[in-house]
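# 3D, please:
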Amino acid sequence: MSMWTEPAELAWFLVGLVLALAEFLIPGLIVIFFAAGAWLTALALMAGLIESFNEQLLMFLISSIVSLMLFRKQGRRYFEGRVSGKLPPGESLDDVHGKRAVVLTTIKPNTLGGKVEYNGTPWAAEAEVEIAPGTVVEIVSRNNLTLRVRPLS
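Next up is the predicted model:
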């Protein structure tokens, strides 16, 4: 092991750390696999399996791409969480007028605090009349993350 590998090990570890932290800022579950590649490169350097800079780059690229190909799909399933009621193809979330939702918490007239479930996701909701939980409602409009609803009559 040459004298230059110790700073290189630290450098690859820090590159991995920066990439792992970047995963929190950049959505998509991709950057974390390059962090894993950097850490595997640091481990290979520590074990004396590789020494030259070209070997380090090759190890980084191969381990990053292989881990990305092998584990991204499983990782997305794990981090995606429970999703129900996905929108059909061609339908936009802006087209909520007339859709049905279920009241989760009591909606009181012209106040915030009520919630409905639409497409498997809880939304803040408001209405002109009081609506009890479990009631199926029709969405009248959407203002940012708040749905204006009315009971089905």
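
# Could you look up the next helix or strand downstream of the longest helix along the chain?
Counting residues, the longest helix in the chain under DSSP state H turns out to be helix 53-80. Sequence-wise, the next helix or strand downstream of helix 53-80 (DSSP states H and E) is strand 100-105.

# Distance from the chain centre to that next one, please.
25 Å (Cα atoms, centre = their mean, to the nearest Å).

# Now do the next helix-or-strand element following it against strand 100-105, angle only.
Using DSSP H and E, the helix or strand that follows strand 100-105 in sequence is strand 114-118. If you take axes from the mean of the first three to the mean of the last three Cα atoms, to 10 degrees, strand 114-118 sits at 140 degrees to strand 100-105.

# Mind giving me the packing neighbours of strand 114-118?
strand 100-105, strand 121-126, strand 136-143, strand 146-151 (3 or more Cβ pairs under 8 Å, 6 or more residues apart in numbering; DSSP states H and E). The way it works is simple: take the backbone N, C-alpha and C, and place the C-beta from them, glycine included.

# Quickly run through the sheet partners of that strand, with directions.
According to DSSP bridges, strand 114-118 forms sheet pairs with strand 100-105 (antiparallel), strand 121-126 (antiparallel).

# quick one: average confidence on it?
The average pLDDT within strand 114-118 is 92.

# Flag every buried residue along it.
Residues of strand 114-118 classed as buried by neighbour count (16 or more other Cβ atoms under 10 Å): 114-116, 118.
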